[in-house]
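[1] need the 3D shape of this:
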Amino acid sequence: MRRNVADAVSPRFHIGDRVMVREAYPIGHVRTPYYIRGKHGVIERLCGAFPNPEELAYARSGQPAQPLYRVRFLQRDVWPDYAGQPLDVVEVEIYQHWLEAEEHAR
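    Numbering: from 1, shown residues only. Okay, the predicted model is just below:
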């Protein structure tokens, strides 16, 4: 469900930006897969702004809407034993509050 842009957090990232997924493990409903946390990738697209599903899971409003990005990761960076083609990728949709600019990543 897309919300009015006025109700949304401003996007921080642009197509081509290098980002790192926060390595956090909060209790409760989390939309970001464990296997991608702490990994580095590249913003492939901004999908829009949507209510935060981590808040919606607890019957909260999910507002303000959060930017949702599709982030591209090299398979070999995600799975250390990956034996496929070196440029194979996995793309994951991740909300902005899970992303850090690569230069700020530890």
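[2] which residues in the chain form strands?
    18-21, 40-50, 66-74, 89-95, 99-101 (DSSP state E).
[3] and those strands as TSV, adding mean neighbour count and distance to residue 12?
    All C-beta atoms are positioned from the backbone trio N, CA, C, and that covers glycine. Listed next are the strands of the chain as TSV, based on neighbours: other CB atoms under 10 Å; distance: least, CB to CB, whole Å:
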stretch	mean neighbour count	distance to residue 12
strand 18-21	20	9
strand 40-50	18	10
strand 66-74	20	7
strand 89-95	18	11
strand 99-101	17	7
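[4] need these in TSV (columns: distance to residue 31).
    Formatted as TSV, the strands of the chain follow (distance: least, CB to CB, whole Å):
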stretch	distance to residue 31
strand 18-21	12
strand 40-50	10
strand 66-74	9
strand 89-95	6
strand 99-101	12
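[5] reformat the ones you listed as CSV; add distance to residue 28 and mean pLDDT.
    Below are the strands of the chain laid out as CSV (distance: least, CB to CB, whole Å; pLDDT from 0 to 100):
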stretch, distance to residue 28, mean pLDDT
strand 18-21, 18, 98
strand 40-50, 18, 98
strand 66-74, 16, 98
strand 89-95, 15, 98
strand 99-101, 19, 97
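[6] what's near enough to touch residue 30?
    residue 54 (CB atoms under 8 Å, 6 or more residues apart in numbering).
[7] mind doing that once more with 10 Å?
    Counting by CB atoms under 10 Å, 6 or more residues apart in numbering, residue 30 makes contact with 24, 37, 53, 54, 57, 98.
[8] related to what we said a few turns ago, which one of the strands of the chain lies nearest to residue 9?
    Closest approach to residue 9 among these (CB to CB): strand 66-74, 5.6 Å.
[9] what strands flank that closest one, and is each parallel or antiparallel?
    Strands that pair with strand 66-74, judged by DSSP bridges, come out as strand 40-50 (antiparallel), strand 89-95 (antiparallel).
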